[in-house]
Structure formats: C-alpha cells, structure tokens
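> structure for the following, please:
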Amino acid sequence: MIASGRNLRRKLSHFAVILDILPHDVNKAGDGPILTEPTTVPAPEQAVPKPKWSWAATLFAVTLAATLVVLPMFFLGNASGHDIEFHLASWMDAAGQWHQGIAYPRWAEWANWGFGEPRFIFYPPGSWMAGAALGSVLPWRIVPGAFICLALIAAGMAMWRLAREWLPAPQAAAAAIFFAVNPYNLVIVYYRSDYAELAAVALLPLAMRAALRTVREGWRRVPALAFVFAGIWILNAPEGVIAAYALALLFVVEGISRRSLRPLVAGGAAMAAGLGLAGFYIVPAAWEQRWVQIVQAVSGSLDPRQSFLFTHSDDPDFQLFNLKVSLVAVGMLLGAGIAAVLAARRRREFPEIWRVLAALGAACALLMFPVSLPLWRHLPKLGFVQFPWRWLGPLGVVFAFFAAAAMSGARKKWAPWLILAIVLGAIGATGRAMVRDAWWDSQDAPFVAQEIYSGRGYEGVDEYMPLGCDRTELPGNPNDDERGEGVSSAPAQRIEELDAASGKVVPAHDIELQIEHWSAERKAFTVDAPAPVTLALRLLSYPAWQMRVDGMEVPGESADQTAQLLVPVPAGHHSVEVRFRRTWDRTAGAALSLICVGGLLVFAAVGRRREGRAKARGA
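Numbers count the residues shown, from 1 in each chain. Sure, this is the predicted structure:
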C-alpha cells in the first residue's frame with residue numbers, strides 16, 4: 001500500500017507538470033519532479049535576455065558614434081546650416097534675458113534689429129532654453145556641437161529603450177547606433193542646423209515605446225506617454241504634429257488588430273493629457289497667432305507642396321537641397337524595406353511592433369510624395385509640418401529597428417556582421433559626402449554675439465511679425481538688398497519721435513529724456529516736452545505691451561508699415577512705463593499645465609498603490 005501510494009503521487013506530479021499546471025525541477029536522486037514555488041511566464045517583450053551591463057556598453061557605443069558626427073567641427077568650425085543663426089540668436093537672446101532676471105522670456109529683445117518680436121511665445125521653449133543653458137557654461141563657439149552630441153546620445157539611448165524589449169542586447173545596441181546617426185539626423189546636423197527638430201526626433205522611440213505599453217497594459221501607462229508626448233511638443237511644434245499623427249496611426253492599427261477601442265481611448269487620453277502638460281506653451285501660441293502674420297509659416301518655399309521629394313523649383317539652391325534630401329529619403333526607404341524583408345521570418349516573435357512599424361513606414365513614404373497632397377490640405381495642422389521630408393524623422397525609427405532585427409534574424413553566424421558593416425558603411429559614406437558638401441563657418445556664433453552686444457540686433461522671422469509690420473522698412477539692417485528704399489542701415493535710437501508733418505520717425509528734438517530702466521520686458525523713462533509729442537520707441541507694437549503715463553494706462557498707437565510702437569505724451573514732465581504684461585492666455589496655459597501635472601501624478605500614484613495591493617494579494 002505504501003509503495004502504491006508513492007507511485008500514485010509520482011504519477012499525479014508528472015501529470016501536473018505535463019499540463020504545465022505547476023513549475024517543476026528534477027531532484028538529484030531521479031525520483032521525479034519536485035514541486036517548487038509558482039512562477040510567471042514572462043511576456044514576449046520580457047523574454048529577451050537583458051544583461052545589466054548592456055546599457056553601459058550601448059551608451060559608450062552611442063557616445064562614440066555621436067562624437068564622430070561632431071568631430072569635423074573641431075577642425076572646420078560649425079556646420080552652417082539653414083537655421084543656425086536663428087537658433088544661435090534665440091539662445092543668446094534668452095541667455096541675456098536670464099541675466100536681466102527674466103526666467104522665462106517671451107519677447108525676443110534683439111530680433112528685427114532691436115525692435116523685437118514675440119518669438120519665445122510661438123517657438124517651443126525646450127530647445128532655446130537648453131541652448132541658453134549650454135551657452136551659460138560653455139563658449140558659444142562650441143555650443144552647437146555640444147547640443148548636437150547630447151541630442152544624438154539621447155536619440156540612441158531612446159532607441160535602445162525601445163529595441164531592447166524586442167531584440168537581443170547586441171542587436172538593440174545596433175539599433176541605437178543606427179538611429180542616432182541615421183542619414184536624416186545627418187541632414188539636420190550638416191545641412192539644416194535645426195537643433196530643435198533634432199532633439200524632438202530623439203524622443204520619438206520613447207513615445208512609441210510608451211504608446212505600445214499603453215496598448216498592452218492600459219491606463220496605468222498613460223502618464224508616461226503623456227509626459228513624453230508633451231516633451232516632443234515643447235521641443236519642436238512640427239515634430240509634435242508628426243508625433244500626434246504617428247501615434248494616432250499606431251493606436252488605430254492596434255485597435256483594428258485587437259478588435260477593440262481600448263487602444264484608441266487610452267491612447268487618445270494620453271495624447272490629450274500630453275497637450276495639456278504643454279499647455280503653458282500651446283495655449284498662448286494658439287491664441288496669439290491672431291496677433292502675428294503666422295500664415296507666413298506656410299507660404300512660398302515653406303508650403304508643403306514645394307517640398308515633396310524630387311520637386312522642381314526655380315530657385316537653384318532650393319532645388320539642389322531638395323535633390324539631396326530626396327536621395328537620402330530614397331536610400332532610407334530602400335534600406336528599411338530591404339531590412340524588413342530580411343527580418344520578416346522573425347515577425348511572429350514581435351508581431352505588435354512589426355505591424356506598427358510597417359504601417360508607419362508605409363505612411364512616411366506616402367506622405368513624402370505628391371500623391372498625398374489631399375491629406376496635406378485637409379488633415380488638421382498637417383500643413384504646419386512645412387516639409388514633407390520631415391517624415392524621415394519617424395522613418396528613422398523604422399529603419400533602425402528593422403536593420404537591427406535583420407541582424408537578429410540572420411541564420412548564418414557571419415550574416416549579422418555583414419549587415420552591420422553594410423549599414424554603418426552606408427551611413428559613414430553618406431556622412432562623409434555631407435561633410436565634404438556642407439558649408440563650414442567658425443564665425444557664425446561670434447557674428448551673432450557681436451550683433452547683439454553691439455546693440456544692432458539680428459534679423460527677425462516673417463511669421464512672428466506683428467500685424468501691419470513690414471520688417472524691410474525697419475532701420476538697422478546692414479544688408480542693402482533686404483532693406484526698403486530710403487530706410488537707414490543705422491540702428492534706431494531707443495526713443496525717437498513721430499514728426500506730425502511728414503509722418504516719419506525722426507530723432508527727438510527739444511525734448512529731455514531720461515531712461516531709468518530698459519530691459520526686454522520693461523521700459524521706463526521720464527520725458528520733458530514743451531508741447532504734446534508722440535514718442536516712437538524702438539519696439540514693435542503688440543497687444544501684450546501695456547503703456548502707462550504717470551501711472552495711468554494709455555492706449556498705444558502703431559506706425560504705418562513698420563508697426564513701431566507709438567506713445568502719445570502731453571506737454572510737461574511725465575513718467576512713462578511700457579511693460580510686457582501677462583495676458584490671460586498665458587495664465588490659462590500655465591494653469592492647465594499645473595492641473596495636468598497634478599492630475600497625472602495622482603493618477604500614477606493611485607495606479608501604483610492598486611498594483612502593489614494586487615501583488616500583495618497574489619503573493
């Protein structure tokens with residue numbers, strides 16, 4: 001009987017193991033399975049081994065790759081791309097206002113040759129604040145290279161965080177390198193100098209990772225996606241629009257695949273919360289567009305219709321750049337497509353990210369060709385992306401992941417090394433050609449700094465001009481070809497007067513002026529005038545400017561053509577103050593951001609408590 005009972009227990013144990021009801025081990029004596037503590041089967045994305053040391057090795061490799069990208073700048077100066085002076089000027093202007101005690105600048109003091117513009121209301125704050133911070137501790141000459149290096153490292157590590165959930169550690173590291181130095185990032189570095197876009201593109205892999213986790217795990221992952229999505233918007237608005245449509249596509253694909261609306265609901269809530277987090281920037285930028293010529297942002301060569309791949313233009317320089325970026329786009333599309341085919345045998349191991357990246361790659365390709373023009377015309381805000389080839393940003397994620405997945409799925413031992421050599425060789429050859437073709441200039445930073453420090457100022461931006469302003473009529477521009485006829489190249493004085501007879505702004509005469517304070521957001525002075533006078537300040541009229549004469553608020557006026565701010569002052573001695581006031585939209589935007597931050601933090605804390613209680617009950 002004892003023997004029979006022992007045999008029965010042994011058979012039952014074997015049966016339980018066969019059905020995978022309980023985990024098991026084998027004892028040394030060979031008496032059959034020994035029941036152990038229950039374990040959980042890892043999720044597919046957790047089944048890939050993740051050595052603790054892999055992040056350090058990846059960080060070293062990505063840092064080395066980023067250093068190689070900026071290495072030519074040690075010898076040739078900065079790559080002087082299309083937007084380098086815009087970003088340098090923004091960084092220096094913001095850093096200068098920090099010294100004035102203005103923590104969050106709104107008005108670019110030295111734009112438009114010292115007349116200013118509301119640049120910092122409309123251009124996302126992430127990049128110009130980061131550049132200003134770097135410029136506060138580093139020489140301005142090396143700030144562009146430092147910004148680029150940090151952005152590329154961030155891009156690589158973000159891609160590693162996405163890829164390591166699906167690929168083995170070595171291939172995840174390869175994906176990180178591929179994304180950090182992908183050809184479009186090199187276009188931004190060597191040709192465009194759009195540092196804000198470079199930083200925003202770096203966050204795309206994190207956004208996709210957070211979105212996929214939201215699809216899998218539901219509402220508890222909403223805060224993470226919201227914060228990453230907000231980060232993209234705070235860095236670059238066009239990339240924020242791209243991220244919004246890319247994530248919407250992801251949720252639609254997963255919703256259809258799972259036959260559920262949950263991905264759309266949770267994903268939509270996360271994106272709405274992300275926009276709320278960035279409300280301190282988005283709300284004022286959206287509301288105050290009516291006060292500037294924002295339509296200029298999508299006119300002329302900035303119209304998306306002018307920048308489809310292989311588009312013809314009458315401007316030789318524009319045509320040449322379009323050809324270069326078109327060739328890069330074709331190369332990335334071919335590379336991503338070939339890599340996807342090579343990795344296709346492994347798609348059952350990661351079906352979720354496979355179908356998402358395949359759909360995203362197809363969408364990126366479609367939106368870069370003229371056949372997608374109806375979408376550019378009718379989809380909300382898509383036109384503000386300006387250049388269809390900006391979709392190469394998310395395509396870089398597709399390219400990097402599929403190339404690394406092709407390495408992981410290769411059957412021959414030597415095949416991954418061959419794929420690695422081909423991809424890095426192609427990227428290296430592309431980068432070398434761009435380095436030889438780019439415009440190098442070591443004087444960009446010193447030139448902009450000198451223009452600011454001398455009091456002349458720098459060139460403004462068409463879309464940020466207040467209504468009624470034609471900046472070619474503003475004095476101070478040293479370029480004769482960009483200045484109206486009869487307009488002086490000498491910088492304007494801080495305070496002049498409007499001649500009633502001629503209607504022109506002329507130097508003040510028979511007036512005593514005493515400037516008490518003059519900073520980016522506040523001008524205070526006293527005036528002694530024998531007769532009523534209309535003062536013309538070196539400042540553009542904008543609804544946020546509040547004028548007070550002897551403490552009483554007075555309405556300001558605006559000069560014809562230039563929109564220069566005019567302040568009428570009665571005869572006698574008077575105190576005048578002009579202050580950039582906080583408008584209701586800025587207050588509302590800040591309140592919205594604070595509410596969303598608090599709400600998401602509470603939501604995350606409650607979710608963690610529930611998760612902890614569930615684990616405790618399960619134990």
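> for the stretch 151-300 of the chain, which segments count as helices?
With DSSP state H, counting those that start in this stretch, the ranges of helices along the stretch 151-300 of the chain come out as 169-180, 183-187, 195-202, 204-217, 222-235, 237-258, 262-277, 279-287.
> between those helices, which gets nearest to residue 517?
With distances scored as C-beta to C-beta, the stretch of those nearest to residue 517 is helix 279-287 (24.8 Å). C-beta here means a position set from N, CA and C on the backbone, and glycine is covered the same way.
> ok so, going back, including mean neighbour count, mean pLDDT and distance to residue 322, could the helices of the stretch 151-300 of the chain go into CSV?
Output for the helices of the stretch 151-300 of the chain, formatted as CSV (neighbours: other C-beta atoms under 10 Å; pLDDT from 0 to 100; distance: least, C-beta to C-beta, whole Å):
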stretch, mean neighbour count, mean pLDDT, distance to residue 322
helix 169-180, 26, 95, 24
helix 183-187, 24, 98, 12
helix 195-202, 28, 98, 17
helix 204-217, 24, 96, 23
helix 222-235, 25, 97, 25
helix 237-258, 21, 96, 17
helix 262-277, 20, 96, 32
helix 279-287, 21, 97, 28
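> between those helices, which one is closest to residue 117.
Of these, nearest to residue 117 by C-beta to C-beta is helix 279-287, at 13.6 Å.
> what's the closest one packed up against?
helix 119-122, helix 222-235, helix 584-618 (3 or more C-beta pairs under 8 Å, 6 or more residues apart in numbering; DSSP states H and E).
> run through who's touching that helix.
Outside helix 279-287, the residues that touch it by C-beta atoms under 8 Å, 6 or more residues apart in numbering are 121-122, 124-125, 233-234, 237, 275, 583, 585-586, 588-593, 596.
> for the stretch 401-550 of the chain, what spans make up the strands?
440-441, 495-498, 505-506, 512-518, 522-529, 533-540, 545-549 (DSSP state E, counting those that start in this stretch).
> pick the most deeply packed of those strands.
Of the strands of the stretch 401-550 of the chain, the one with the most neighbours on average (mean count of other C-beta atoms under 10 Å) is strand 533-540, at a mean of 23.
> show me what that one is packed up against.
strand 495-498, strand 522-529, strand 564-569, strand 572-580.
> right, and those - which one's nearest residue 108?
So among those, strand 572-580 is nearest, using C-beta to C-beta, at 11.4 Å.
> chain center to that closest one: distance?
Computed by C-alpha atoms, centre = their mean, to the nearest Å, the chain-centroid distance of strand 572-580 equals 40 Å.
> for that strand, which positions count as buried?
Judged by neighbour count using 16 or more other C-beta atoms under 10 Å, the buried positions of strand 572-580 are 574, 576-578, 580.
> now do stretch 333-344
Judged by neighbour count using 16+ other C-beta under 10 Å, the buried positions of stretch 333-344 are 333, 335-337, 339-340, 342-343.
> reformat the helices of the stretch 151-300 of the chain as CSV; add distance to residue 313.
Formatted as CSV, those follow (distance: least, C-beta to C-beta, whole Å):
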stretch, distance to residue 313
helix 169-180, 31
helix 183-187, 18
helix 195-202, 22
helix 204-217, 29
helix 222-235, 29
helix 237-258, 20
helix 262-277, 35
helix 279-287, 30
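> so which of those helices is nearest residue 429?
Nearest of the helices of the stretch 151-300 of the chain (C-beta to C-beta): helix 183-187, 10.0 Å.
> hey, C-alpha coordinates of that closest one in CSV?
Coordinates of each C-alpha in helix 183-187 appear next as CSV, following Å, rounded to 0.1, in the frame of the first residue of the first chain:
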residue,chain,number,x,y,z
PRO,A,183,21.1,59.7,-42.6
TYR,A,184,18.2,62.1,-41.8
ASN,A,185,19.9,63.1,-38.5
LEU,A,186,23.0,63.8,-40.5
VAL,A,187,21.0,66.0,-42.8
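> hmm, residue 382 is touching residue 240, no?
No - judged on C-beta atoms under 8 Å, residue 382 makes no contact with residue 240 at a distance of 11.8 Å.
> any chance of the strands of the stretch 401-550 of the chain in a markdown table, plus mean pLDDT?
Formatted as a markdown table, the strands of the stretch 401-550 of the chain follow (pLDDT from 0 to 100):
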| stretch | mean pLDDT |
| --- | --- |
| strand 440-441 | 93 |
| strand 495-498 | 94 |
| strand 505-506 | 92 |
| strand 512-518 | 95 |
| strand 522-529 | 96 |
| strand 533-540 | 96 |
| strand 545-549 | 96 |
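> identify whichever of these lies nearest to residue 434.
Proximity to residue 434 (C-beta to C-beta) singles out strand 440-441 among those, at 11.3 Å.
> contact partners of the closest one?
72, 76-80.
> swap in stretch 95-111?
Residues outside stretch 95-111 that contact it (C-beta under 8 Å, 6+ apart): 89-90, 93-94, 116-121, 125, 132, 135-136, 451-452, 457-461, 464, 519-521, 542, 544, 580, 586.
> next step: the contacts of strand 440-441 restricted to helices.
Among these, the members falling in helices are residue 76 (criterion: DSSP state H).
> drop anything exposed from the contacts of strand 440-441.
Buried members of these, scored by 16+ other C-beta under 10 Å, are 72, 77-80.
> distance of the nearest residue to residue 566 once chain neighbours are set aside relative to residue 484?
Using C-beta to C-beta, 6 or more residues apart in numbering and skipping residues adjacent in sequence, the residue nearest residue 566 is residue 557, 4.0 Å away. Using C-beta to C-beta, to the nearest Å, residue 557 is found at 21 Å from residue 484.
> contact partners of stretch 607-619?
With contact meaning C-beta under 8 Å, 6+ apart, stretch 607-619 is reached by 219-220.
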